[in-house]
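> quick one, what's the 3D model for this:
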Amino acid sequence: MNRRQFMGLMACVPLLNTKMFAYETIPPVLDTDIFTTKDEWKTLVSLRNRLNKVKNHIGYANFNVVPLDKVLVVAKSASRIGQFTKDELDFMDKLFYDDPTKYGFYGKKIIDYITYEIDEKDTVKIGSTGQYLFKGKPVEDYNRIIKDVGRDIVLTSGIRAIPKQISLYLDKIYSLDGNISGASKVIAPPAYTYHAIHDFDVGKKGLGAGNFTEEFAKTEEFKNLVKLNYVDIRYVVDNADGVIYEPWHIKVS
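Residues are numbered from 1 along each chain as shown. I've put the predicted structure just below:
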């Protein structure tokens, strides 16, 4: 967020809320972004396409929670998908196990192994969203938010297993023409997503893609959301992780 964007946001939020701001050291700005190599770009494209085929095969909702081992089995058993190549597997490993500080991401590592599995018994599917939440506090917080803010608040992204996060990360790198550093400022690298253990995203019904931009922070729903004493935003303005401001990302602690 640059100064002009920041001032524009503040003009729309006359009552400042401390939940929107970080009071930690701002991470350093790297001089040079890191891009995929020519060979990596080719692999990225094929890997992204194969993961999308798996998603279409098993369904959008299921893809949110399916572990990598099952993705590999599904791909191998479906001729129209085909098994993952060595280059694709190696590239997934790179994105998962790389030290992301070289890309400008300074968050905490959440998942140690790329084969991490989410137990279905610990999840709840949220109707009309295609999303899942973990049982316990995540579901409780979401239900309280619906009750306290209103039915125009909706779950936009819940549980993300590792394949889902890899897919989103690839999509962002692809949209930025191979800029891994740029992608890492917008979405957490696969091993670093809190969506794998409890966090979730919310938005306003009807806002569409604007729910994943600062447009959401201008809504009445957001202004009412941050007044709730049990709600915190994970990636506030100038957060120490090096991620853009995400007013939609609910921190579950």
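
> am I right that R234 falls within a strand?
Yes: counting by DSSP: H, G, I helix; E, B strand; the rest coil, R234 is located in a strand.

> which residue ranges form the helices in this structure?
3-12, 38-58, 60-63, 68-77, 86-97, 137-149, 162-175, 180-184, 220-225 (DSSP state H).

> who's sitting farthest from the centroid in this protein?
S79 (30.0 Å; C-alpha atoms, centre = their mean).

> can you tell me which helix or strand of this structure has the lowest average pLDDT?
When each helix and strand of the chain is scored by mean pLDDT, DSSP states H and E, helix 3-12 comes last, with a mean of 47.

> tell me which of the helices of the chain sits nearest to Q131.
For Q131, the closest of the helices of the chain is helix 60-63, at 7.2 Å, according to C-beta to C-beta. Backbone N, C-alpha and C define where each C-beta goes, glycine included.

> just give me how far that closest one sits from the chain centre.
Mean-position distance between helix 60-63 and its chain equals 15 Å (C-alpha atoms, centre = their mean, to the nearest Å).

> for it, output the C-alpha coordinates as PDB.
Output in PDB follows, covering the C-alpha atoms of helix 60-63 (Å, rounded to 0.1, in the frame of the first residue of the first chain):
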ATOM      1  CA  TYR A  60     -14.200 -27.100  -5.900                       C
ATOM      2  CA  ALA A  61     -15.200 -27.700  -2.300                       C
ATOM      3  CA  ASN A  62     -13.300 -31.000  -2.000                       C
ATOM      4  CA  PHE A  63     -10.200 -29.400  -3.400                       C
END
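
> averaged pLDDT, that helix. What do you get?
Mean pLDDT, computed over helix 60-63, is 97.

> now swap in stretch 194-209 and tell me
For stretch 194-209, mean pLDDT rounds to 97.

> buried stuff in it?
Buried residues in stretch 194-209, defined by neighbour count with 16 or more other C-beta atoms under 10 Å: Y194, H195, A196, H198, D199, F200, D201, V202, G203, K204, L207.

> how far does it stretch from one end to the other?
21 Å (C-alpha to C-alpha, to the nearest Å).

> starting at the chain centroid, how far to it?
9 Å.

> before we move on, what about stretch 111-125?
Put simply, stretch 111-125 sits 15 Å off its chain's centre (C-alpha atoms, centre = their mean).

> got the contact list for it?
The contact list for stretch 111-125 (C-beta atoms under 8 Å, 6 or more residues apart in numbering) reads 61, 65, 67-69, 92-93, 96-97, 131-135, 139, 159, 161-162, 190-193, 196-197.

> just the buried subset of these, written out for PyMOL, thanks.
A single PyMOL command is used to select the members of the contacts of stretch 111-125 judged buried by 16+ other C-beta under 10 Å:
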select buried, resi 61+65+67+68+92+96+131+132+133+134+139+159+161+162+190+191+192+193+196
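
> can you tell me which residues contact the most centrally placed residue in the chain?
When C-alpha atoms, centre = their mean is applied to the chain, the residue found nearest the centroid is I187 (5.3 Å). Counting by C-beta under 8 Å, 6+ apart, I187 makes contact with Q165, L168, Y169, K172.

> apply 6 Å and report the result again.
Applying C-beta atoms under 6 Å, 6 or more residues apart in numbering to I187 gives the contacts L168, Y169, K172.

> how about it, nearest residue that isn't a chain neighbour?
If you skip the residues right next to it in sequence, I187 has K172 as its closest partner in space, 5.1 Å away by C-beta to C-beta, 6 or more residues apart in numbering.

> if I look at the one you found, how far off is K218?
Distance of K172 to K218, given as C-beta to C-beta, to the nearest Å: 23 Å.

> do the same with R160
According to C-beta to C-beta, R160 and K218 sit 26 Å apart.

> re the thing from before, the residue nearest to I187 touches A183, doesn't it?
Yes: between K172 and A183 there is a contact at 4.0 Å, judged by C-beta atoms under 6 Å.

> the more surrounded of the two?
A183 (24 against 17; other C-beta atoms under 10 Å).

> cool, thanks, talk later.
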